[in-house]
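S.K.: Build me a model:
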Amino acid sequence: MEENYSFRLMELHDIDQILEIEYASFPKPWSRTAFYNELTNNHFATYIVIESNEQVIGYCGMWVIIDEAHITNIALMPSYRGKKLGEKLMDKAMEVAKGLGAEHMTLEVRVSNTTAQRLYRKLGFQEGGIRKNYYTDNLEDAYVMWVNLNDN
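M.R.: I've put the predicted structure just below:
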């Protein structure tokens with residue numbers, strides 16, 4: 001069966017599926033309350049989901065403040081990784097951010113996550129600094145990466 005992928009904005013009824021992805025992806029996953037608050041109380045937040053056959057298989061969250069988009073989180077179900085879907089999801093996030101007036105996008109990535117770093121570099125991101133002890137689970141440093149959305 002051929003897989004069909006589509007994108008849409010995250011809705012409250014997606015939170016259960018998003019939590020499955022969170023728990024499969026991160027050592028310190030966000031809570032139901034965190035996602036609920038992002039969707040209902042944070043007017044800077046925009047969350048996009050990628051679906052396959054009406055099942056949420058990934059998501060990307062960002063805050064757009066004035067002309068800057070900050071990726072808060074991005075994840076795919078493990079069984080969908082390695083299929084270029086992270087790239088498609090980031091492309092969509094960058095497109096949405098531009099549509100919301102962002103000219104730049106930033107994110108943090110673990111210094112050990114070379115797979116994600118390769119993807120971000122492919123999309124035009126460059127390292128702009130290091131946040132020491134950024135990740136609370138193991139105090140790993142994070143690279144801060146930036147891209148000018150007008151260059152893409």
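S.K.: switch to C-alpha atoms for all contacts and neighbour counts from now on
M.R.: Will do.
S.K.: Can you name the helix or strand that the residue most central in space within the chain falls in?
M.R.: When Cα atoms, centre = their mean is applied to the chain, the residue found nearest the centroid is residue 74 (2.5 Å). Assessed by DSSP states H and E, residue 74 sits inside strand 68-76.
S.K.: Tell me how far that strand lies from the chain's centre.
M.R.: 3 Å (Cα atoms, centre = their mean, to the nearest Å).
S.K.: If we go by neighbour counts, what in it is buried?
M.R.: By neighbour count with 16 or more other Cα atoms under 10 Å, strand 68-76 contains the buried residues 68, 69, 70, 71, 74, 75, 76.
S.K.: again with stretch 106-124
M.R.: Neighbour-count burial for stretch 106-124 [16+ other Cα under 10 Å]: 106, 107, 108, 109, 110, 117, 120, 123.
S.K.: Among those residues, which lie within helices?
M.R.: Residues of the buried residues of stretch 106-124 located in helices (DSSP state H): 117, 120.
S.K.: residue ranges with poor pLDDT in this protein?
M.R.: 1-3, 152 (pLDDT under 70).
S.K.: quick one: contacts of the top helix by length along it?
M.R.: If you go by DSSP H, the chain has its longest helix at helix 85-99. Identification of contacts with helix 85-99 by Cα atoms under 8 Å, 6 or more residues apart in numbering yields 7, 48, 50, 59-60, 64, 69, 75-76, 105, 119, 123, 149.
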